[in-house]
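*Asks:* Structure here, sequence nowhere to be found:
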């Protein structure tokens, strides 16, 4: 079954304790992305990756890190979490369209990770 | 810069009546537009997408949306609501910049309630 998986699904942690949320997809997608969802704000992009070893900042990258060492995995790292990072996080993947007017592909989303930082 | 405005944060309808969820967008380029649905405690699922082909787009579960360039709108409709349609709906615009970035800009969401 084609899917995006995230772990853990729920996490409660304390300020400053490093954590990693894993994301994995089995569709051989080049493009992967992380979003956070907050009430009234929709989803906002944190980081994205066009392919292995290629990552770039989204709209709200502060306080987050990512890596893309393998095509299927795209972990999100919070080196020193703070309460304002309490949120619902989604990983997504898609095929990468061509540049300048290429096909736009839908993104497939994981089930989400609810993070609480106290 | 692109943006998306969902005009209603909550919509309540009776089962069997029509659904209208409104979305306006702005984009510097020819936009691609999507509607996603999120059921409670679930991830997002694509309902339908517009990518410069037919302006009336049909999606899953009986939903459809019409792209109106003159009105910069992409409203989502369904002729007859079902209880299982109760969820949050997101209108999304994707730009087509030369860098190839496929950033999606999400609206703030519309929560649809369906009354029996």
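*Replies:* Perfect, thanks for sending it. As the structure is a computational prediction, the values presented were derived from the model and not from experiment.
*Asks:* Just the buried positions in the one helix or strand residue B:67 maps to, please.
*Replies:* When elements are assigned from DSSP states H and E, residue B:67 belongs to strand B:64-68. By 16 or more other C-beta atoms under 10 Å in any protein chain shown, the buried positions in strand B:64-68 come out as B:64, B:65, B:67. In this view, the C-beta of every residue, glycine as well, is placed from N, C-alpha and C.
*Asks:* That strand: partners in the sheet, and parallel or antiparallel?
*Replies:* strand B:56-58 (antiparallel), strand B:73-78 (antiparallel) (DSSP bridges).
*Asks:* List of residues touching the first one?
*Replies:* Put plainly, it is strand B:56-58. Applying C-beta atoms under 8 Å, 6 or more residues apart in numbering or on different chains, the external contacts of strand B:56-58 come out as B:48, B:49, B:50, B:64, B:65, B:66, B:67.
*Asks:* Kindly report the same for the last one.
*Replies:* Outside strand B:73-78, the residues within contact range by C-beta under 8 Å, 6+ apart are B:18-25, B:33, B:35, B:47-48, B:50, B:61-68, B:85, B:89, B:91.
*Asks:* how about that strand: buried residues?
*Replies:* B:73, B:74, B:75, B:76, B:78.
*Asks:* and residue B:56, how far is that from chain A?
*Replies:* From residue B:56 across to chain A, the span is 18 Å (C-beta to the nearest C-beta, to the nearest Å).
*Asks:* what's around the residue of chain B found nearest chain A, how many residues?
*Replies:* Residue of chain B nearest chain A, by C-beta to the nearest C-beta: residue B:106 (3.5 Å). Residue B:106: 21 surrounding residues under other C-beta atoms under 10 Å in any protein chain shown.
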